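return a 3D structure for these sequence lines:
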Amino acid sequence: MREPYLEITFRRGRPVAAYYYLPRRAGQRSHRTVQAAPGVLVDYGRGGRPIGLEITAPTMVSLDTINDVLLGLGMAPLEQADFAPLAA
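Numbering: from 1, shown residues only. Model prediction:
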């Protein structure tokens, strides 16, 4: 997968969890998980490269928080339009 994308799980019309997939090799799995901010965990592959963000509290996490984590990882920030389903 070359392009990042956001996957959201809804229950009764409300987001209950989300995962922001970062570019990774096909079949690559999480080897280690680290809390980066309240409600945001970073999954790392075996080589130590970040492969995704687990958003465990989507209604409590802001776009600024997500982007701070992404920028700290050297990744491009998430666009407002891509974050909009979590903010709805």
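
so which residue of this structure lies furthest out from the middle?
Distance from the C-alpha centroid of the chain, by Cα atoms, centre = their mean, peaks at residue 12 (21.7 Å).

let me see the contact set for that one.
Contacts here follow Cβ atoms under 8 Å, 6 or more residues apart in numbering; on that basis residue 12 touches nothing. Bear in mind the C-beta positions are built from the backbone N, C-alpha and C, glycine included.

could you check how far residue 34 is from residue 44?
To residue 44, residue 34 is 7 Å away according to Cβ to Cβ, to the nearest Å.

and these two? which has more neighbours close in?
residue 44 (16 against 10; other Cβ atoms under 10 Å).

let me know the pLDDT of the nearest residue to the more buried one once chain neighbours are set aside.
Excluding the flanking residues, the one nearest residue 44 by Cβ to Cβ, 6 or more residues apart in numbering is residue 32, at 4.6 Å. Looking at residue 32, its pLDDT reads 96.

check contacts around residue 32.
Taking Cβ under 8 Å, 6+ apart as the test, what residue 32 contacts is 43, 44, 48.

once you drop chain neighbours, what's closest to residue 41?
residue 54 is the one closest to residue 41 (Cβ to Cβ, 6+ apart), at 4.1 Å.

re the thing from before, least confident pick among the contacts of residue 32?
residue 48 (91).

so where's the longest helix in this protein?
helix 63-72 (DSSP state H).

looking at it now, give me its mean pLDDT.
97.

so what's residue 3 up against?
Per Cβ under 8 Å, 6+ apart, neighbours of residue 3: residue 23.
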